[in-house]
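# this one's sequence-less:
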């Protein structure tokens, strides 16, 4: 992946370059699924966190859980979740906009004083497109999208997953980029497009060195 291609992954539609990774251990909690799917989602998060060389924990001292994944059938269900409107201001209008746009997923990030990720809320409306995916594939794709603050168009042309025979895996270039992004030598936050050059150099060294996490 060239520096220009990496720069696009972190350049938003308004032209702003913004890179951020998690600054604290990740503590996931999943709502709206059965125990089997819960294990699959948490397993995918663990795999991507391990790939990044980052950490997970049993609890977050500030929030309890800092990665919250909500599954629903309709956006109108979310405002009915107790206390969710306290964590997500203007939840009602947000759900109305998502419904009007016929969106099936949405992510909200929260940041610490440095700008590193401190929390992420993932909302998935299980329409026909998402419901048709194997749970493992859906979980791995979502885990890849929460591990970094990607741009809103990061995966418009190339999805984060690839198929290797009957197995879906993280795309090798995306896996290498995630590992590079968590190099402790690099800053956790950057608004300088030159950061893409640093990521490209490290990702190029990493690519192909180890298999990426996948799900059967």
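Nice, thanks for sending it over. Bear in mind the structure is a predicted one, so any value in this text is a computation, not a measurement.
# now the protein, which segments are flagged as low pLDDT?
Along the chain, the model assigns pLDDT under 70 to residues 207-216.
# I'd say residue 193 and residue 17 touch.
Yes - counting by CB atoms under 8 Å, residue 17 is a contact partner of residue 193 at 4.5 Å. Bear in mind the C-beta positions are built from the backbone N, C-alpha and C, glycine included.
# Would you mind listing the residues touching both of the two?
7, 11 (CB atoms under 8 Å, 6 or more residues apart in numbering).
# List the residues that contact the most centrally placed residue in the chain.
The centre of the chain sits closest to residue 146, judged by CA atoms, centre = their mean, with a distance of 1.4 Å. Residues near residue 146 by CB under 8 Å, 6+ apart: 45, 67, 107, 120, 122.
# what's the longest helix that the chain contains packed up against?
Looking across the chain with DSSP state H, the single longest helix is helix 35-52. For helix 35-52, the elements it packs on are strand 28-31, strand 67-72, helix 135-146, helix 172-181, strand 214-215, judged by 3 or more CB pairs under 8 Å, 6 or more residues apart in numbering; DSSP states H and E.
# got a list of contacts for whichever helix or strand residue 121 is part of?
Counting by DSSP states H and E, the element that carries residue 121 is strand 117-125. For strand 117-125, the external contacting residues (CB under 8 Å, 6+ apart) are 20-24, 62-63, 66-75, 78, 87-88, 98, 103-112, 130, 138, 142, 146, 149.
# Taking strand 67-72 as reference, get the angle to that strand.
Per axes from the mean of the first three to the mean of the last three CA atoms, to 10 degrees, the angle that strand 117-125 makes with strand 67-72 is 10 degrees.
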